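>>> structure, please.
(chains A and B)
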Amino acid sequence: MSKVLETKGLTKYFYDPVKFQVLKGIDMTINHGEFVSIVGKSGCGKSTLLYLLSTMDTDYEGQLFINEELITGKSDKELAAIRNEKIGFVFQFHYLLSEYNVLKNVMLPGMKLGKLSNSEIEHNAMEHLKTLDMQEQALKMPNQLSGGQKQRVAIARALINNPLIIMGDEPTGNLDKKNSDLVFDIFKKLTLQEKQTLLIVTHDNDFAARTNRIITMEDGNII
Amino acid sequence: MNFKLIFNIAIHLLKARLKQTIVAAVGVTFGIAMFIALVSFMNGLNDLLDGLMLNRTAHVRLYNEIKPTLKQSIELSEKYKNSTNFISSIKPKDRGKAIYNSQAIINYLKQDNRIIDVAPKINVPVFFNSGTIEISGVINGIDVLPEEKLFKISDYVIEGKVADLIQNNSIIIGKGLADKMLLAVGDMIKVTSAKGNLASLKIVGISQFGIAEYDNTMSYTSLATAQKLLGESTNYVTDIQVKLFDITTAPSVAVEFQNKFEIDAIDYQTANSQFETGSTVRSIISYAVGVVLLIVAGFGIYNILNMMIFEKMDSIAILKATGFSGNDVKWIFVLLALIIGLVGGVFGLIFGFVFSSIIDVIPFETASLPTIKTYPINFNPLFYVIGIVFALLTTIIAGLFPALKASKIDPVEIIRGK
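Here you go, the predicted structure:
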């Protein structure tokens, strides 16, 4: 089983207003096909950890490997390319581009990657929207969708480049029970059918309980 | 970098903020249009005034100046060669106003291929007599054909024909003089030269230069008539006027002729230095105003892009999270600025041309400029090139700072901040 994500002694400080150690030497590994959740109390550093793993935050000590390749110390441009190709994101707030319709929002990371032609990307995007039961909404603008629908569009966007791993920062945090169950079922289906690796930060213990593995954090440590 | 995609995103961002974008572009349009109109008008005016001067002034004028002899005779003496000589009470020497060997000089100059043509002239100070009143003035004895070719005096003759000067004893007088003495074409005028010679000349035309001093005193007659009036021979000439193909060479040509013919020579630039200064200052003012307008437009663009970045923080964060690098984001905003600059600039050129064309047909009639009917405009394509280049430059600079800011936005802060 290959390691999708690995960290060695990941340490992070916040300097404002006073120097404060958020992460205290995190060592963790996530294998291919796992559905992992990170839980912990507010302020325990779980989101901070996720952003380090996502390569968006580069101000840390220690080492980060994605697909057994050292990521620490790469340039902004290389990191952007890694995020584009290997990582899919789902955030708590849906963060769709309001200027583009649903289909274009899903297609955008694929167009940035530029490995397929636009018509192929469009076809793939429609397929993903279909599996998420969103094909009817493909040509709507984001502001015409409900919260649950937006989150499904965000998932379709995360999937467009067939990423190594999908990371979620409280993806159900802003949704009602029905919609968060729907989102969970989608994630579950992805791990079962597509062997998709998932790493979800959540404070919803019900949600976490149903994942393959739970990483619990407290005061910057994994317990 | 996927340029097409970046461009597409820039366009979508613009569409989302269409009103502000239009306002920003209109700022540029206004700046460029005003710049074009102003510079065209100012240069048109400069050309007009230059033309006024150039039409009447020779590029190089050869004449005899009354001045003291440069080499006093004592310096030629062997005996006092090594002494320091003090000479007091030197008087200027009058070599006579006539140019020595003028015909040979004129023939020589006509062969020179840098020279358009040569026009000899005689300056005759006279009194115009009206009853017992004497009015002082100057009669220019001219060689009609070359004079007309070089100085287009027919432009300033408002009654009669220049060609009629070829007849003996004919004269063209200034409008000021004609009004003062109640003279019209066909009348006779009595003239007394400085040496007391009296002559009656027939008025064949009336000229108006628009400069009161000229119109009150200047009059034209043929070389032969002027020579007769002075009682001089047919090779008597006081001035040789030369026009060159390239006016910028006038100072060096003047020095060359001065040495070659041992005569005084003055070039256009020296004779009209204060005039050149005026032209330069007017140009500087018009460019300065244009540049200021564009800088103001640049601040408008800077403002709007800054606002757009604040509004689009989320979009920038999401673009970065999904794999767009800081550089890509920077280019998106630079492109935004560039599109605003280009669209605004092109419309600016069009409106600038329209404004110039409107100014060009506004009637502008003044007694001092008889040949001008409308305001002058210089439609030089160079102004349009400068305009569009400057529009793009300002917008790129105005866009660069917000773009750099956008490229440095930390997506984590925005995504966490909610």
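
>>> tally of neighbours for residue 138?
Went with chain A since none was named. 19 (other CB atoms under 10 Å in any protein chain shown). C-beta here means a position set from N, CA and C on the backbone, and glycine is covered the same way.

>>> should've been chain B
Quick note: B:Val138 (other CB under 10 Å) scores 14 neighbours.

>>> mind saving the C-alpha coords of the one helix or strand it maps to as CSV?
With elements taken from DSSP states H and E, the one containing B:Val138 is strand B:133-142. Included here for strand B:133-142 are C-alpha records, laid out as CSV according to Å, rounded to 0.1, in the frame of the first residue of the first chain:
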residue,chain,number,x,y,z
ILE,B,133,3.5,115.1,-44.5
GLU,B,134,6.4,112.7,-44.7
ILE,B,135,5.9,109.1,-43.4
SER,B,136,9.1,107.1,-43.0
GLY,B,137,9.1,103.6,-44.3
VAL,B,138,11.1,101.0,-46.1
ILE,B,139,10.9,99.8,-49.7
ASN,B,140,12.1,96.3,-50.4
GLY,B,141,13.5,95.9,-53.9
ILE,B,142,12.9,92.3,-54.7
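
>>> pull out the buried positions in it.
B:137, B:139-142 (16 or more other CB atoms under 10 Å in any protein chain shown).

>>> quick check: the farthest pair among those?
B:Gly137 and B:Ile142 (15.2 Å; CB to CB).

>>> from chain A, which residue is nearest to chain B?
A:Asn84 (2.2 Å; CB to the nearest CB).

>>> so what's that residue closest to, chain neighbours aside?
Sequence neighbours aside, B:Gly323 is the residue nearest to A:Asn84 in space, at 2.2 Å (criterion: CB to CB, 6 or more residues apart in numbering or on different chains).

>>> count of neighbours near that neighbour?
So B:Gly323, with other CB under 10 Å, has 23 neighbours.

>>> and the residue of chain B closest to chain A?
Closest point on chain B to chain A, by CB to the nearest CB, is B:Gly323, at 2.2 Å.

>>> where does that residue land on pLDDT?
B:Gly323 is assigned 83 on the pLDDT scale.

>>> any chance of the buried residues of strand B:133-142 in JSON lines, plus pLDDT and distance to A:Ser42?
Shown next, in JSON lines, are those (pLDDT from 0 to 100; distance: CB to CB, whole Å):
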{"residue": "B:Gly137", "pLDDT": "90", "distance to A:Ser42": "103"}
{"residue": "B:Ile139", "pLDDT": "91", "distance to A:Ser42": "105"}
{"residue": "B:Asn140", "pLDDT": "90", "distance to A:Ser42": "101"}
{"residue": "B:Gly141", "pLDDT": "90", "distance to A:Ser42": "106"}
{"residue": "B:Ile142", "pLDDT": "90", "distance to A:Ser42": "101"}
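
>>> name the nearest residue to the spatially most central residue of chain A, ignoring sequence neighbours.
Centroid-nearest residue in chain A, with CA atoms, centre = their mean: A:Met167, separated by 1.8 Å. Closest residue to A:Met167 apart from its sequence neighbours, by CB to CB, 6+ apart: A:Leu199 at 5.0 Å.

>>> check B:Lys405 too.
Leaving out its chain neighbours, B:Lys405 is closest to B:Ile309 (CB to CB, 6+ apart), at 6.3 Å.

>>> these two touch, right, the one you found and B:Phe401?
No - B:Ile309 is beyond contact range of B:Phe401, at 10.2 Å (criterion: CB atoms under 8 Å).

>>> quick one: buried residues of stretch A:183-193?
So for stretch A:183-193, counting by 16+ other CB under 10 Å, buried means A:183-184, A:186-187, A:190-191.

>>> an error on my part: the question was meant for stretch B:83-97.
Neighbour-count burial for stretch B:83-97 [16+ other CB under 10 Å]: B:Lys97.

>>> start to end distance for that stretch?
34 Å (CA to CA, to the nearest Å).

>>> contacts for it, please.
Here stretch B:83-97 makes contact (CB atoms under 8 Å, 6 or more residues apart in numbering or on different chains) with B:63-64, B:66-69, B:72, B:74-75, B:123, B:238.

>>> next: stretch B:180-200.
For stretch B:180-200, using CB under 8 Å, 6+ apart, the contacting residues are B:124-130, B:134-135, B:139, B:159-160, B:169, B:171, B:173, B:177-178, B:201-206, B:216, B:228-231.

>>> before we move on, the earlier item: next SSE downstream of the strand holding B:Val138?
helix B:144-151.

>>> partner strands of the helix or strand that that next one is followed by and their direction?
For helix B:144-151, the succeeding helix or strand toward the C-terminus, using DSSP H and E, is strand B:157-160. Within its sheet, and counting by DSSP bridges, strand B:157-160 is paired with strand B:198-207 (antiparallel).

>>> let's see the strand it pairs with as PDB, backbone CA atoms only.
Only the C-alpha atoms of strand B:198-207 are listed here, as PDB (Å, rounded to 0.1, in the frame of the first residue of the first chain):
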ATOM      1  CA  LEU B 198      12.300 111.900 -55.700                       C
ATOM      2  CA  ALA B 199      10.100 109.400 -57.500                       C
ATOM      3  CA  SER B 200       6.500 108.700 -58.300                       C
ATOM      4  CA  LEU B 201       5.400 105.100 -58.200                       C
ATOM      5  CA  LYS B 202       2.200 103.400 -59.200                       C
ATOM      6  CA  ILE B 203       0.400 101.300 -56.600                       C
ATOM      7  CA  VAL B 204      -0.300  97.900 -58.100                       C
ATOM      8  CA  GLY B 205      -1.200  96.100 -54.900                       C
ATOM      9  CA  ILE B 206      -1.800  96.300 -51.100                       C
ATOM     10  CA  SER B 207      -0.300  93.800 -48.700                       C
END
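
>>> and the angle from it to strand B:133-142?
Orientation check (axes from the mean of the first three to the mean of the last three CA atoms, to 10 degrees): strand B:198-207 against strand B:133-142 gives 70 degrees.

>>> quick one: buried residues of strand B:198-207?
So for strand B:198-207, counting by 16+ other CB under 10 Å, buried means B:199, B:201, B:203-207.

>>> can you tell me which of these comes closest to B:Tyr108?
B:Ser207 (31.3 Å).

>>> so which elements touch the longest helix along chain A?
Secondary structure of chain A per DSSP state H: the longest helix is helix A:177-194. Where contact means 3 or more CB pairs under 8 Å, 6 or more residues apart in numbering or on different chains; DSSP states H and E, helix A:177-194 is packed against strand A:35-40, helix A:147-159, strand A:165-169, strand A:197-201.

>>> just the strands from chain A, written as ranges.
A:3-14, A:20-31, A:35-40, A:61-66, A:69-70, A:87-90, A:165-169, A:197-201, A:213-218, A:221-222 (DSSP state E).

>>> parallel or antiparallel, list what pairs with the second one.
Sheet pairing for strand A:20-31, assigned by DSSP bridges, gives strand A:3-14 (antiparallel).

>>> what's the partner strand in contact with?
A:19-32, A:34, A:45, A:48-49, A:52-53, A:57, A:59-68, A:164-165, A:197, A:199.

>>> any weak-confidence spans in the chain?
You didn't pick a chain, so chain A it is. Along chain A, segments meeting pLDDT under 70 span A:1, A:94.

>>> that's the wrong chain, I meant chain B
Ranges of chain B meeting pLDDT under 70: B:1, B:95, B:367-371, B:417-418.

>>> give me the domain ranges for it.
Per automatic domain parsing, the structural domains of chain B span B:3-54+B:275-417, B:60-71+B:92-268.

>>> a markdown table for these, including distance to A:Asn118?
Listed next are the domains of chain B as a markdown table, based on distance: least, CB to CB, whole Å:
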| stretch | distance to A:Asn118 |
| --- | --- |
| domain B:3-54+B:275-417 | 10 |
| domain B:60-71+B:92-268 | 59 |
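
>>> out of the ones you listed, which one sits most buried?
Of these, the one with the most neighbours on average (mean count of other CB atoms under 10 Å in any protein chain shown) is domain B:3-54+B:275-417, at a mean of 19.

>>> can you give me the offset of that one from its chain's centre?
For domain B:3-54+B:275-417, the distance from its own C-alpha centre to the chain's C-alpha centre is 27 Å (CA atoms, centre = their mean, to the nearest Å).
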